[in-house]
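A.B. asks: Just need the structure, nothing else, for what follows:
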Amino acid sequence: MEEKLFEILRGELWGTRLSFSQLSHTEFEELMKMAGEQTVTGLVGDCLIKNNIKLEREDALRLFAKVKAIEKANARVNENLVSFVNFMERKGVDYIIVKGQVAGSFYPNPDVRMSGDVDLYFVGDNYTRIKGLVEQRLGKQLNKLSDGKHVEFEVNGVVFELHNKLSQLATQKHQAYWDQMIDNAILEKTDSVSILGKNIHTLSATYNALYIFVHLFFHMTASGLGLRQICDWAMVLNKLSDNIDNFRLKEILKELGYYKAYKAIGAFVVNNLGLQEDKFPLPLTEKDRKWVETVKKNILKSGNFGRSRRKVKSIGLLHSIESGWLILTQMLTFYRLAPKEVLFRFSSIGEWFLERFKIEGSRTPATLS
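C.D. replies: Numbering: from 1, shown residues only. This is a model prediction of the structure:
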């Protein structure tokens with residue numbers, strides 16, 4: 001069923017034919033459980049429906065209802081996003097939207113990608129201005145969340161996150177380089193995506209292909225990662241490949257220490273999700289492909305943000321201990337791909353550990369059971 005899941009995702013993303021024509025109730029249950037853990041229920045459901053896969057009656061009705069619910073949720077997110085963008089434009093606030101709905105717009109059927117929060121980034125004083133305008137509109141103060149880089153608010157069931165930092169990197173050197181680079185890139189050039197007929201500003205191709213990876217790798221090396229985020233990256237790479245500055249992308253990845261990580265996860269996208277290799281902006285080697293099975297097993301075991309591995313559901317001491325163990329597990333699995341960013345991020349002893357053991361990120365991958 002794991003192989004069927006990947007086959008279905010390739011069918012949804014690229015329109016490839018499925019090798020089967022029906023699913024038993026037991027197969028359907030197992031498939032939908034995995035799809036839910038990976039937050040790709042809508043993608044899987046849409047592909048099964050389009051390919052007329054024969055299901056038991058109750059399964060078919062459940063599937064149809066799930067897909068319709070996801071489509072309805074997407075419509076609500078898009079409508080509220082467009083309304084908020086119109087509000088910002090009337091007030092003269094410059095913004096860009098990143099991740100979710102941007103990547104979603106590149107899918108063959110954007111309506112069936114499971115949506116999440118709406119993430120917006122603001123250069124310079126635009127962050128302070130929009131924060132003040134939203135507070136005035138809502139009649140309450142927006143407090144910074146624990147990461148200190150964004151505030152959030154909810155309208156009609158849609159959560160908006162307003163960012164004054166696009167990513168938190170592990171070292172001051174990397175953070176300063178990243179912040180300046182992103183702001184310069186936005187001031188130099190932005191692109192747009194069409195959502196409900198509205199052109200909405202986003203990062204240019206090179207920086208979209210960069211940022212969405214930096215974000216997903218952060219979660220992969222912390223709690224864990226689901227296939228939805230990987231599918232998003234695949235869609236961005238596929239759609240924007242002709243406009244990505246491969247040389248500039250490589251230069252940035254080398255500077256930040258993400259070059260090996262980008263290629264290792266890219267090998268998984270090509271091998272398992274079916275992205276054409278010529279759409280990937282960097283050359284892939286056998287060393288990169290050695291990571292494919294490790295990445296696959298980790299994603300299938302962890303699920304979206306590592307929730308599939310959690311045993312403790314209630315917030316408290318045991319939950320915190322479990323969170324620490326999950327982070328440690330993910331770090332030890334993937335630190336060789338980007339040693340400084342992974343080790344420095346979570347521990348003050350990371351720098352000592354890196355120097356003490358002369359970690360170069362060149363060893364073969366390891367998986368913790």
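A.B. asks: where are the low-confidence patches of this protein?
C.D. replies: 144-148, 303-314, 318-320, 322-323, 325, 346-369 (pLDDT under 70).
A.B. asks: Scan it for its longest helix.
C.D. replies: helix 57-90 (DSSP state H).
A.B. asks: Check which helices and strands that one sits against.
C.D. replies: helix 25-37, helix 41-50, helix 100-104, strand 118-121, strand 158-163, strand 190-195, strand 198-203 (3 or more Cβ pairs under 8 Å, 6 or more residues apart in numbering; DSSP states H and E). All C-beta spots, glycine's among them, are computed from the backbone N, C-alpha and C.
A.B. asks: Nearest residue to the residue nearest in space to the middle of the chain in space, please, no chain neighbours.
C.D. replies: For the chain, the residue nearest the mean C-alpha position is Gln229 (3.3 Å; Cα atoms, centre = their mean). Using Cβ to Cβ, 6 or more residues apart in numbering and skipping the chain neighbours, the partner closest in space to Gln229 is Leu216 (4.4 Å).
A.B. asks: ok now do the one you found, which residues does it touch?
C.D. replies: Listed by Cβ atoms under 8 Å, 6 or more residues apart in numbering, the contact set of Leu216 reads Leu225, Gln229, Ile230, Asp232, Trp233, Ile265.
A.B. asks: Ok, Gln22 next?
C.D. replies: Ile53, Lys54, Leu55.
A.B. asks: ok, the residue nearest to the centre of the chain touching Phe217?
C.D. replies: No: assessed by Cβ atoms under 8 Å, Gln229 is found out of contact with Phe217, at 9.6 Å.
A.B. asks: What's the PyMOL syntax to select whichever of the contacts of Gln22 are buried?
C.D. replies: Paste this into PyMOL to select the buried members of those, with burial taken from 16 or more other Cβ atoms under 10 Å:
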select buried, resi 53+55
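A.B. asks: For Trp14, state which of the contacts of Gln22 is nearest.
C.D. replies: Set against Trp14, the nearest of the contacts of Gln22 by Cβ to Cβ is Ile53 (17.2 Å).
A.B. asks: List the contacts of the closest one.
C.D. replies: Leu18, Phe20, Ser21, Gln22, Leu23.
A.B. asks: Now tabulate the helices and strands packed on helix 57-90 in JSON lines and tack on mean neighbour count and distance to Thr294.
C.D. replies: Formatted as JSON lines, these follow (neighbours: other Cβ atoms under 10 Å; distance: least, Cβ to Cβ, whole Å):
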{"stretch": "helix 25-37", "mean neighbour count": "17", "distance to Thr294": "18"}
{"stretch": "helix 41-50", "mean neighbour count": "23", "distance to Thr294": "24"}
{"stretch": "helix 100-104", "mean neighbour count": "24", "distance to Thr294": "24"}
{"stretch": "strand 118-121", "mean neighbour count": "24", "distance to Thr294": "28"}
{"stretch": "strand 158-163", "mean neighbour count": "19", "distance to Thr294": "31"}
{"stretch": "strand 190-195", "mean neighbour count": "16", "distance to Thr294": "33"}
{"stretch": "strand 198-203", "mean neighbour count": "20", "distance to Thr294": "29"}
